[in-house]
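Chemist: coords please:
(one chain, ligands or ions: 1)
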Amino acid sequence: MLFDTGVLLNVRIQLGVILAVFFAYCIKKLLFKTETGKWKSPFAEDSRTPLTPLIIDHAKRDETMKRAFTKKLANEKKWDAIVIGSGIGGLSTAALLSKAGLKVLVLEKHYKCGGACHTFRENGYEFDVGIHYVGNFIRPTLTRTLLEQISDGQIKFAKFDNNVERLMLDVMSPSRREYTISSGPDAFENQLIKQFPDEVQGIKEFFRLLKRAYNPRGTMAWFAVKLLPLWFVDVLRFFGLPRLLSDFYALGERSVKEVIESHIKNKDLQILLSYSTVGFIVPPSRISFPMMSLLHVHCCEYGSCYPIGGASEMPYRIVPVIERSGGRVLMKANVSQILTEGGKVIGVRVGNKENLMVDIHAPIVISDAGMHNTLLDLLPKSEAEKSSAWPLTKTIRPSVGNLSVFVGLRGTTEELGLTAQNIWVHAGSNLEKMFAESLVKPLPELLAKPYPALLLSSSAAKDPSWKNRYPDRSTLTILSFAPYSEFTQWSGLPTKKRGDDYNTLKNAIGQHIVDEVTTLFPKLKNAIDYVNVGSPVTIEHYLSTREGGSYNMEHDITRFGPEQAALLRPESGIKGLYFTGQDVTSCGFAACLYSGFLCASVVLKKRYLLLWELFNLHRKLYGLPEGRNDLFF
Ligand SMILES: Cc1cc2nc3c(=O)[nH]c(=O)nc-3n(C[C@H](O)[C@H](O)[C@H](O)COP(=O)(O)OP(=O)(O)OC[C@H]3O[C@@H](n4cnc5c(N)ncnc54)[C@H](O)[C@@H]3O)c2cc1C
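Modeler: Next up, the predicted model:
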């Protein structure tokens, strides 16, 4: 006999088998909790369609991008779910749920769809608001497959120059210097080894740690705690398992500054390895090393990209997927309240004036409006306090106020020397000092010197379709930050009605920054045709971010530890209410795309099964990922 049946009579073995089966059942329930058959898989079939030409007729685009809210349209059917906000987090959730068979209504406050992905036109120029570069969407990764499947495969990207970024330090001083950052596997590391031969060991150790942190298992662990029941995460945390099992959490308590300073001595090299944290608007001492590593691998290791046709291609191509399944995306729909009954969410109220208020009912409400806004403004306090995310509204601050200068230029990008790169311009060369001083200094003091930090981006140079759409014209967007406190007196006032003092201040900032930029790039000086400034109250008005911050909640180091990462989850803890968008994951197009994915996983009660379904479709379309990084980046 091959198998001794006597073994089965051993009570300990019997108990062991029963426990193992029970354990496997619990794990399956936890990880793949699913109501099979209720909704179809959004990834059941490949929904890419042959590429169609760009629609450049603005009136035609506006039919989709500016469809306004009416009571009739909002109540035309019984909705399965309502999404508040049409940012990429809201749209990706809505598209995945629509593909699963739900009828979804998306309500957007602004007159244009897309949240930070929207673009605006003025004086014959088109400007991006919140997408200046994204990671590599040319490589066939899961991230690209996810985007393809919610946009019919219609969004295409152009790659940046291989010298993906330029960093300029001490720009107005005689010691001004400049570095380029090259993209491609290990290209930046190799470049630095050549440039700083005395620091070879430190550079190698830094990149070794970087690779440990951006390992796909790290990203999985970051997302995993957002889908597990909170009690289970608490058990894992009690035994210290997140840090033991994942490098993302093991390295998560170390700041970028700490890691760099423990391996690198040269000051310029330190700044070269940490300047990207300025994108999070947090100093290197307060940004988690793994978060910076994700940004690095996503945008530098494989090269940054830009959506052909501009950032508004994202919403423009996703909305039809939602509407094809019976959904609607309506603009000028300011949700003033989330309606609850008996501790359950039952719908939303649009409008805030008695005669203009419309109540719309649905058993599921998903908020892309940010956790602060949702819990502090849209729910009664007695209900909001029940949310597991409630404590975070006190402990996580809003991100720093945004400042954008939009410049329209006569001439082509070649004539003006504009390139498909990001250019980071720093008045000094000490990031900690720069943040410590500039975030507390009054604006007049900031304007007395070169502005502390600027990011220059030209969509005209990054987008191959630009020349055809805007011949002989170019644009430059200059991004920075400014203290919200300097603008609070104009908070809540509509654009163009904030009065002369506001305009004077705004114009002074614009002039100051433009003067600095044209000193550095003299070819631009005589080509300037249009300048406009977006202040923190502009972004507060158009994106409803708290205190005019660029990204809703601040990206401080603790936010990416297992405790806060778990609380920043799609489930709100209030029945029927879910979160999506940058507070669930992080700022950035790709991170928000995944916030929608995580939210849909929970709403569809699929949890990790949805990742499996996406992976399976990806495998069918492109085969198994070749390298481990091909999974996400
Ligand atoms: C200036 C700037 C530059 C950036 N640059 C880049 C970049 O180059 N690359 C990159 O990857 N990321 C960039 N980001 C970050 C990225 O754009 C965002 O993280 C991301 O797009 C946010 O998506 P979201 O879904 O969270 O929300 P958002 O895009 O902020 O959308 C939220 C939407 O909700 C709506 N809303 C809020 N309250 C209500 C309400 N009560 N009723 C109805 N609607 C409501 C808002 O109007 C808004 O449209 C940038 C952001 C900014 C602001």
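Chemist: my read is Tyr578 is in a strand, agree?
Modeler: Yes: counting by DSSP: H, G, I helix; E, B strand; the rest coil, Tyr578 is found in a strand.
Chemist: which stretches of the stretch 151-300 of the chain form helices?
Modeler: 187-195, 200-214, 216-227, 230-238, 241-245, 247-250, 256-263, 267-274, 289-296 (DSSP state H, counting those that start in this stretch).
Chemist: now for the fifth one, which elements pack on it?
Modeler: Put plainly, it is helix 241-245. Applying 3 or more C-beta pairs under 8 Å, 6 or more residues apart in numbering; DSSP states H and E, we find helix 241-245 packed against helix 216-227, helix 247-250. Any C-beta I mention is one placed from the backbone N, CA and C, and that applies to glycine too.
Chemist: what sits up against the shortest one?
Modeler: Applying C-beta atoms under 8 Å, 6 or more residues apart in numbering, the set of residues contacting helix 247-250 from outside is 212-213, 215, 217-219, 221-222, 242-244, 290, 561-562.
Chemist: go with 6 Å
Modeler: 212-213, 215, 218, 221-222, 242-243, 290, 562 (C-beta atoms under 6 Å, 6 or more residues apart in numbering).
Chemist: what is the mean pLDDT for it?
Modeler: Mean per-residue pLDDT for helix 247-250: 90.
Chemist: Leaving out the residues flanking it, which one is nearest to the residue in the stretch 451-600 of the chain that the ligand sits nearest to?
Modeler: Of all residues in the stretch 451-600 of the chain, Gly581 sits closest to the ligand, at 2.9 Å by C-beta to the nearest ligand atom. Here the nearest residue to Gly581 in space, its sequence neighbours aside, is Gly89; by C-beta to C-beta, 6 or more residues apart in numbering that works out to 3.1 Å.
Chemist: same question for the helix or strand where that neighbour lies, mean pLDDT?
Modeler: In the assignment (DSSP states H and E), Gly89 maps to helix 88-100. Per-region confidence: helix 88-100 scores 98 on mean pLDDT.
Chemist: continuing past that helix, what's the next helix or strand?
Modeler: strand 104-107.
Chemist: what packs against that next one?
Modeler: Judged by 3 or more C-beta pairs under 6 Å, 6 or more residues apart in numbering; DSSP states H and E, the packing partners of strand 104-107 are strand 81-84, helix 88-100, strand 328-330.
Chemist: Point out the most buried one among the ones you listed.
Modeler: Between the helices and strands packed on strand 104-107, helix 88-100 has the highest mean count of neighbours, a mean of 30, where neighbours are mean count of other C-beta atoms under 10 Å.
Chemist: thinking again about what came up before, do you know which of the helices of the stretch 151-300 of the chain lies nearest the ligand?
Modeler: Each of those was scored for nearness to the ligand using C-beta to the nearest ligand atom, and the closest is helix 289-296 (9.3 Å).
Chemist: Give me the angle between that closest one and helix 200-214.
Modeler: Put simply, helix 289-296 runs at 90 degrees to helix 200-214, going by axes from the mean of the first three to the mean of the last three C-alpha atoms, to 10 degrees.
Chemist: what comes into contact with helix 289-296?
Modeler: With contact meaning C-beta under 6 Å, 6+ apart, helix 289-296 is reached by 210, 213-214, 248, 251-252, 254, 256, 259, 276-277, 560.
Chemist: What is the nearest of these to Tyr622?
Modeler: Nearest to Tyr622 among the contacts of helix 289-296: Tyr214, at 20.7 Å, using C-beta to C-beta.
Chemist: That closest one: neighbour count?
Modeler: 25 (other C-beta atoms under 10 Å).
Chemist: Name all residues that make contact with it.
Modeler: With C-beta under 6 Å, 6+ apart, Tyr214 has these contacts: 293-294, 297.
Chemist: Recalculate using a threshold of 8 Å.
Modeler: 290, 293-294, 296-297, 629, 633.
Chemist: I'd say Cys299 and Ile181 touch.
Modeler: No: Cys299 sits out of contact with Ile181 when judged by C-beta atoms under 8 Å, with a separation of 9.8 Å.
Chemist: When the two are compared, which one has more neighbours?
Modeler: Set side by side, Cys299 and Ile181 show more neighbours around Cys299, with 26 against 23, by other C-beta under 10 Å.
Chemist: number of nearby residues for Glu626?
Modeler: The number of residues near Glu626, taken as other C-beta under 10 Å, comes to 10.
Chemist: so where does it fall, helix or strand?
Modeler: Counting by DSSP H and E, Glu626 is found in no helix or strand.
Chemist: distance of it from Arg139?
Modeler: For Glu626, the distance to Arg139 (C-beta to C-beta, to the nearest Å) stands at 10 Å.
Chemist: Phi, psi for the residue lying closest to Gly326 once chain neighbours are set aside please.
Modeler: Spatial nearest neighbour of Gly326, chain neighbours left out: Lys103 (4.6 Å); criterion: C-beta to C-beta, 6+ apart. For Lys103, the backbone dihedrals (degrees, to the nearest 10) come out as phi -90, psi 120.
Chemist: Surely Lys103 touches Glu323?
Modeler: No: taking contacts as C-beta under 8 Å, Lys103 lies outside contact range of Glu323: 10.4 Å.
Chemist: what's the closest of the helices and strands packed on strand 104-107 to Leu567?
Modeler: Closest approach to Leu567 among the helices and strands packed on strand 104-107 is made by helix 88-100 (17.0 Å; C-beta to C-beta).
Chemist: Could you name the helices and strands sitting against the closest one?
Modeler: strand 81-84, strand 104-107, helix 313-324, strand 364-367, helix 589-603.
Chemist: and these as CSV, adding mean pLDDT and distance to His426?
Modeler: Listed next are the helices and strands packed on helix 88-100 as CSV, based on pLDDT from 0 to 100; distance: least, C-beta to C-beta, whole Å:
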stretch, mean pLDDT, distance to His426
strand 81-84, 98, 38
strand 104-107, 98, 39
helix 313-324, 98, 30
strand 364-367, 98, 36
helix 589-603, 97, 25
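Chemist: can I get the ones you listed in CSV with distance to Asn162?
Modeler: Listed next are those as CSV, based on distance: least, C-beta to C-beta, whole Å:
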stretch, distance to Asn162
strand 81-84, 39
strand 104-107, 38
helix 313-324, 24
strand 364-367, 40
helix 589-603, 21
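Chemist: all helices of the stretch 301-450 of the chain, in order?
Modeler: 313-324, 371-373, 381-384, 392-395, 413-416, 431-438, 443-447.
Chemist: Same list (those helices) but as TSV, adding distance to Ser457.
Modeler: Formatted as TSV, the helices of the stretch 301-450 of the chain follow (distance: least, C-beta to C-beta, whole Å):
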stretch	distance to Ser457
helix 313-324	17
helix 371-373	27
helix 381-384	37
helix 392-395	31
helix 413-416	12
helix 431-438	20
helix 443-447	21
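Chemist: For burial, what's the neighbour tally of Pro315?
Modeler: What Pro315 shows, counting by other C-beta under 10 Å, is a neighbour count of 26.
Chemist: on that earlier part again, just the helices and strands packed on helix 241-245: most buried one?
Modeler: Between the helices and strands packed on helix 241-245, helix 247-250 has the highest mean count of neighbours, a mean of 24, where neighbours are mean count of other C-beta under 10 Å.
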